[in-house]
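Chemist: quick one, what's the 3D model for this:
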Amino acid sequence: MGLLSRRRIPTLIQFILLITLVFLMLTFLLRPVSNHPDEIKYFGQNIGTAAVLKSEGLSLSSACLSRDILNSHEVQLYSNRLPSKQYYLTIAIPTIAREIGNKYLMKTLSSLTTNQTVGRSKTDLLIVVQLGDEDQDKRTKLAAEIKEKYAHLINEGILDIIQVYPKYYPSFDKLKRRFGDSKLRVKWRSKQVIDFSFLSCYCYGLGKYHLQLEDDVIASPYYYHKLKDFIQHYEAKEKWFTLDASVLGYIGKVYHNYDLNEIASFYYIFFDEMPVDWMEYTWREIKGQSGRWRFRAASLFQHIGLVSSLQNKKQKSKEPYFDNQTQKFLGLNPPAKVQTDLIAEKTKLKAAYEQGGGYFWGRCHHKSNCFIKIIFEKALPLQRVVVETGGNFATNDTIHHGSLKIGTYPNINDCVHYETPSPETFKKGTLDIVFPQKQTVNCLRIEIQRQQEWVFIREINVWPGRS
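Modeler: From the prediction side, this is the model:
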């Protein structure tokens, strides 16, 4: 079975960094607290920087400020959230203006809030957009732009627009130069870590789960319901610290909300050690989840940005598998029996056809040609068929050579006659055929040829036409 290729820190460097981080953390936690204005101090239940809280002789406990400060006008630019309300999910989006403007962020917000992506369950999620520009005028302008377009979401308590509390930032004058990064890049990534730390603090305590996104993504249709299904699957299965609803960078990372305080503090202490996505990898390793990635078969968020917030940096990365279908997940496939001669690996073929996030994994037995049959309960006009193979944890297990045949003249468990309706074949593991004439069929047969690898059937989507 194929495994996901991931961009990781080289093993030796990773080990050295891990030991260094643990040593620094112990040193930081055990030393006496000074009056340095950039240190974080703990005072009863209120957390704040020494510039805010002047108490002496206190030990480090959290990088998070008090909720009074987080809810103040110095942080909240626009919010109508009830202080006592608890959400199922908080969605965090840090953003910085780019040379091309804010078009990425607006696409991201639109994608996250349309009925086609979130359905009608908006009231139990909170989207927090954090404006990170150093220029106050840019933050004010962007906040007004977001408010003008999404005032209804702010009024409903679904969208908060915030900025980092000014005194939260440490000094960026003497930063560690690592990995051959330029001085400009080191400052950019160090500030980014602090921004993520503060955003985690703001969301801490507001919900049950937390989703970290970037400001240049689009969401899968009905992503919210798919994400709930993904979370519930792992909650019933095992203890976890991080789930990956997407693969790239810091997109689609899911946490228990109660871990955000710890994450924020870890980031704050080591803000200039490494980029924030490496920091996240290191945190999950410390928590014991090293090498145990919890990927969804197809990502719920696709990266669309080409221009980075770092000057002159381009980024063209895309999610290899993006879930852009809903037919099967929502249970809208026509009722049918499904059959195959593939040998299953702890899965059932119906999981790739029936409602939910299930899939099928199997292999051909002593031969390279296999089949999948779908026998409908009654004849129906056919509009479209999409078969998706391969996935984030099965990158090599795609169908390379295969075709679709439609069957008529049914008998008890099959159709008597099959024909090929289209020359279309699998491309990069996907078969997508549209039937403009809406042909009436009783069966579908997916024929797999010259298949030497395992086969991962992520989902089969069938759209019936109107009679």
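Chemist: what sits against the spatially closest residue to residue 271 that is not a sequence neighbour?
Modeler: Nearest non-adjacent residue to residue 271, counting by Cβ to Cβ, 6 or more residues apart in numbering: residue 193, 4.3 Å away. Backbone N, C-alpha and C define where each C-beta goes, glycine included. Residue 193 makes contacts with 267-268, 270-272, 275-276, 279, as judged by Cβ atoms under 8 Å, 6 or more residues apart in numbering.
Chemist: can you rerun that using 6 Å?
Modeler: Contacts for residue 193 (Cβ atoms under 6 Å, 6 or more residues apart in numbering) come out as 267, 271, 276.
Chemist: try residue 297
Modeler: 359, 391, 458.
Chemist: residue 64 now?
Modeler: By Cβ under 6 Å, 6+ apart, the neighbours of residue 64 are 47, 201, 204, 261, 264.
Chemist: tell me the pLDDT at the third one?
Modeler: This points to residue 204. If you check residue 204, the pLDDT there is 97.
Chemist: hang on, it packs against residue 260?
Modeler: Yes - using Cβ atoms under 6 Å, residue 204 is in contact with residue 260, at 4.0 Å.
Chemist: make CSV out of the contacts of residue 297 and add pLDDT and secondary structure.
Modeler: Listed next are the contacts of residue 297 as CSV, based on pLDDT from 0 to 100; DSSP: H, G, I helix; E, B strand; the rest coil:
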residue, pLDDT, secondary structure
359, 96, coil
391, 95, strand
458, 96, strand
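Chemist: most neighbours among the contacts of residue 64, please name it.
Modeler: residue 201 (28 neighbours; other Cβ atoms under 10 Å).
Chemist: let me know the secondary structure of that residue.
Modeler: helix (DSSP: H, G, I helix; E, B strand; the rest coil).
Chemist: so what's it up against?
Modeler: So residue 201 contacts 64, 264 (Cβ under 6 Å, 6+ apart).
Chemist: separation between it and residue 230?
Modeler: 25 Å (Cβ to Cβ, to the nearest Å).
Chemist: need the helices for the stretch 1-150 of the chain, in chain order.
Modeler: Along the stretch 1-150 of the chain, the segments classed as helices by DSSP state H, counting those that start in this stretch run 11-30, 67-70, 103-113, 115-118, 136-155.
Chemist: which stretch in these has the least confidence?
Modeler: helix 11-30 (a mean of 52).
Chemist: burial check on residue 272, number of neighbours?
Modeler: 18.
Chemist: tell me how far it lies from residue 165.
Modeler: Here the criterion is Cβ to Cβ. By it, residue 272 lies 19 Å from residue 165.
Chemist: hmm, who's touching stretch 280-291?
Modeler: Around stretch 280-291, the neighbours that count as contacts under Cβ under 6 Å, 6+ apart are 241-242, 266.
Chemist: what mean pLDDT does it get?
Modeler: 82.
Chemist: could I have it exported to PDB, CA atoms only?
Modeler: Taking Å, rounded to 0.1, in the frame of the first residue of the first chain, the C-alpha atoms of stretch 280-291 are listed here in PDB:
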ATOM      1  CA  GLU A 280       3.700  22.000  14.900                       C
ATOM      2  CA  TYR A 281       5.400  18.800  13.900                       C
ATOM      3  CA  THR A 282       7.800  19.100  16.900                       C
ATOM      4  CA  TRP A 283       4.900  19.700  19.300                       C
ATOM      5  CA  ARG A 284       3.100  16.600  18.100                       C
ATOM      6  CA  GLU A 285       6.300  14.500  18.500                       C
ATOM      7  CA  ILE A 286       6.700  15.700  22.100                       C
ATOM      8  CA  LYS A 287       3.100  14.700  22.700                       C
ATOM      9  CA  GLY A 288       3.900  11.200  21.400                       C
ATOM     10  CA  GLN A 289       2.200  11.300  18.000                       C
ATOM     11  CA  SER A 290       5.400  11.200  16.000                       C
ATOM     12  CA  GLY A 291       5.000   9.100  12.800                       C
END
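Chemist: straight-line length of stretch 243-253, end to end?
Modeler: Stretch 243-253 has its terminal residues 6 Å apart, counting by Cα to Cα, to the nearest Å.
Chemist: in that stretch, what counts as buried?
Modeler: For stretch 243-253, burial by neighbour count (16 or more other Cβ atoms under 10 Å) applies to 243-253.
Chemist: could those residues go into a markdown table alongside pLDDT?
Modeler: Putting these into a markdown table (pLDDT from 0 to 100) gives the following:
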| residue | pLDDT |
| --- | --- |
| 243 | 95 |
| 244 | 94 |
| 245 | 96 |
| 246 | 95 |
| 247 | 92 |
| 248 | 88 |
| 249 | 83 |
| 250 | 87 |
| 251 | 93 |
| 252 | 95 |
| 253 | 96 |
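Chemist: in strands only, show me the residues you listed.
Modeler: 243-244, 253 (DSSP state E).
Chemist: what about the helices in the stretch 151-300 of the chain?
Modeler: 183-203, 223-235, 260-269, 276-286.
Chemist: so which of these gets nearest residue 126?
Modeler: Closest approach to residue 126 among the helices of the stretch 151-300 of the chain (Cβ to Cβ): helix 183-203, 7.8 Å.
Chemist: now the angle from the closest one to helix 260-269?
Modeler: For helix 183-203 against helix 260-269, the angle by axes from the mean of the first three to the mean of the last three Cα atoms, to 10 degrees is 160 degrees.
Chemist: still on that earlier bit, mind checking which of the helices of the stretch 151-300 of the chain is nearest residue 462?
Modeler: helix 223-235 (18.8 Å).
Chemist: care to break this structure down by domain?
Modeler: As assigned by the TED database, the chain contains the domains 67-303, 336-464.
Chemist: turn the ones you listed into a markdown table, including distance to residue 321.
Modeler: Converted to a markdown table, these look like this (distance: least, Cβ to Cβ, whole Å):
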| stretch | distance to residue 321 |
| --- | --- |
| domain 67-303 | 4 |
| domain 336-464 | 5 |
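Chemist: so for residue 323, which of those sits nearest?
Modeler: domain 67-303 (3.8 Å).
Chemist: let's verify the closest residue to residue 344 other than its chain neighbours: helix, strand, or coil?
Modeler: In space, and not counting its chain neighbours, residue 344 is closest to residue 362: 4.7 Å by Cβ to Cβ, 6+ apart. Using three-state DSSP, the structure places residue 362 in strand.
Chemist: now, which of the contacts of residue 64 sits nearest residue 320?
Modeler: Ranked by distance to residue 320 (Cβ to Cβ), these are led by residue 264 at 30.4 Å.
Chemist: residues contacting the closest residue in space to that closest one that isn't next to it in sequence?
Modeler: Nearest non-adjacent residue to residue 264, counting by Cβ to Cβ, 6+ apart: residue 200, 4.0 Å away. Neighbouring residues of residue 200 by Cβ under 6 Å, 6+ apart: 260, 263-264.
Chemist: good, we can wrap up now.
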